[in-house]
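S.K.: Okay, predicted coordinates and the sequence, questions at the end:
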Amino acid sequence: MSSPNTSGENTRFIILISLVATIGGFLFGYDSGVINGTVDGITAAFDSDAAVTGFNVASMLLGCAIGAWFAGTLADRYGRRTMLLWAAAFFIVSAWGSGIATSSAEFVVYRVLGGLAVGAASVMSPAYIAEVAPARYRGRLATVQQIAIISGLFASFLSNYVLARLATASTAVLWLDYEAWRWMFWAELLPAFLFLFLLFFIPESPRYLVARGLRERAQGVLARLYGAIQGERKLGEIDASLASDHHRPRLSDLVSKATGRIRPIVWIGVGLATFQQLVGINVVFYYGAVLWQAVGFSESDALLINVLSGGLSIGACIVTVLLIDKVGRKPLLWIGSVGMAITLGLVTFAFATGGVDAAGKLQLSDSMGLLALVAANAYVVFFNMSWGPVMWVMLGEMFPNQIRGSGLAVAGLAQWTANFLITWTFPMLLAGMGLAAAYGIYTAMAVLSVFFVFKFVYETKGRELEQMEG
């Protein structure tokens, strides 16, 4: 299993434990995307209107915000791996409960539990990878987390499509007198149990161990990761990077002692986290089936388009894996922002040309329907080669050791709160203003993100975590 290189660094072991952590990303993606194919089912099962349906879909995101906040702060007390173990347990409970729910209230409870797991995994998986991986390929390993997220989305889209086809519709009974949409949730149980099992075989983050004063355990983990000599040197660097007056991180460390204000790096993290959501990506992920049915596609075709989008997303992330440690983080963010602004603008234009039929559904000409389909998928590609993976990479590495847990807690809370607001408001925007107006708002956010990257984001490529300043 282990294959040390000539410098003593155990590259194979580092990659393996990082891949275990990325299963949390896979479940993050699956749990986020599975709702896409179940909207019709939960609407019919619980007899909900647009506002209630929007809340049923978005309720998980409240749990995500809480999970990200508490996972970031509790991880400084109990460890990165411990929080991932709790996340795995919550994934299991949520997957089962969401499928068995008999009312909106019960469904929301289980989705919030799943949200706690997604929120914890979203900040802890990239943080764990950043804290065990060397700087020279840290970006590539952390980007695998985004591939795992998109793979989870893709798996949920594919599972939804297959199960709906087997049952003839998501609302139809499939097996054991349960509708297909319920089986869509239960399909998540297999990877959730696998994640829980494998987490028992990875070590705790050495940077957490040093911060808690567990130097002998930290030294053992570092020696296993980097070899005895390099591990000893890294132990001293981690020690020196922590505050001289108190080693154990605390929330108050986010305030600069020199200025008495929140550190600028925290605001940059919040900006990265919120802009990633304000461009509307999760409208495509969560409401893709609804979106494409709204412009004339059948449920089956809409679910198949989701599979196509998932495949393109994985391909875009692979491009990022190859580029992120060569060209850097900031150029990829800038390219992504420009590309998203253009493609979202084209989608908005296409939707603006449509009319409404007697049933209230948007009708596009063949040419505008094609433009919307191509531009929307190009938008997904631009997002997943830039803001999708790069934001998580940067949040995992940009904060100094002293404030990494707390910084991730604040940024994660901001990210999931923005996600909740975008997801909850989309059905109401769709009903009250139409698709063109909704996508016009997301286009404006993409344009603003271009200026945010230019003005505030700095490069972290090739820098050790102990060199991060804030």
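M.R.: Sure, I can see it. Because the structure is a prediction, the values reported are computed rather than measured.
S.K.: can you count the residues close to Gly260?
M.R.: The local packing of Gly260 (other C-beta atoms under 10 Å) involves 7 other residues. Every C-beta, even on glycine, is put in place using the N, C-alpha and C of the backbone.
S.K.: ugh, typo on my part, it should be Gly345
M.R.: Number of residues near Gly345 (other C-beta under 10 Å) recorded here: 19.
S.K.: which residues touch it?
M.R.: Thr443 (C-beta atoms under 8 Å, 6 or more residues apart in numbering).
S.K.: give me the element it is part of.
M.R.: helix 329-352 (DSSP states H and E).
S.K.: And that helix, what's buried?
M.R.: Buried residues in helix 329-352, counted by 16 or more other C-beta atoms under 10 Å: 329-351.
S.K.: and if you look at stretch 216-231?
M.R.: For stretch 216-231, by 16+ other C-beta under 10 Å, it's 217-219, 221-227, 230-231.
S.K.: Can you add distance to Leu190 and secondary structure and give those residues back as TSV?
M.R.: Shown next, in TSV, are the buried residues of stretch 216-231 (distance: C-beta to C-beta, whole Å; DSSP: H, G, I helix; E, B strand; the rest coil):
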residue	distance to Leu190	secondary structure
Arg217	32	helix
Ala218	34	helix
Gln219	37	helix
Val221	30	helix
Leu222	34	helix
Ala223	35	helix
Arg224	30	helix
Leu225	30	helix
Tyr226	34	helix
Gly227	37	coil
Gln230	38	helix
Gly231	36	helix
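S.K.: how about a markdown table for those, with pLDDT added?
M.R.: Compiled in a markdown table, the buried residues of stretch 216-231 are given as follows (pLDDT from 0 to 100):
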| residue | pLDDT |
| --- | --- |
| Arg217 | 83 |
| Ala218 | 79 |
| Gln219 | 82 |
| Val221 | 79 |
| Leu222 | 79 |
| Ala223 | 81 |
| Arg224 | 79 |
| Leu225 | 77 |
| Tyr226 | 79 |
| Gly227 | 76 |
| Gln230 | 75 |
| Gly231 | 70 |
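S.K.: Pick the one among these closest to Val374.
M.R.: If you rank these by distance to Val374 using C-beta to C-beta, Leu225 comes first, at 44.9 Å.
S.K.: Touching, the closest one and Arg12? I think so.
M.R.: No: taking contacts as C-beta atoms under 8 Å, Leu225 lies outside contact range of Arg12: 11.1 Å.
S.K.: Just want the most central residue of this structure.
M.R.: Centroid check for the chain by C-alpha atoms, centre = their mean gives Ser122 as the closest residue, at 5.5 Å.
S.K.: That one contacts Trp392, correct?
M.R.: Yes: counting by C-beta under 8 Å, Ser122 does reach Trp392; the two are 7.5 Å apart.
S.K.: thinking again about what came up before, would you mind naming the helix or strand containing the residue nearest to the centre of the chain?
M.R.: helix 104-132.
S.K.: for that helix, packing partners?
M.R.: With contacts taken as 3 or more C-beta pairs under 8 Å, 6 or more residues apart in numbering; DSSP states H and E, helix 104-132 sits against helix 11-33, helix 39-46, helix 50-78, helix 80-100, helix 135-167, helix 206-211, helix 387-397, helix 404-432.
S.K.: Now do it against helix 135-167: the angle between them, please.
M.R.: On the basis of axes from the mean of the first three to the mean of the last three C-alpha atoms, to 10 degrees, helix 104-132 is oriented at 150 degrees to helix 135-167.
S.K.: list the buried ones in helix 104-132?
M.R.: Quick answer for helix 104-132 (16+ other C-beta under 10 Å): 104, 107-132.
S.K.: hang on, the earlier thing: contacting residues for the residue nearest to the centre of the chain?
M.R.: 25, 28, 64, 67-68, 392, 412, 415-416.
S.K.: Of the helices and strands packed on helix 104-132, which is nearest Gly271?
M.R.: Short answer: helix 404-432, nearest of the helices and strands packed on helix 104-132 by C-beta to C-beta, at 8.6 Å.
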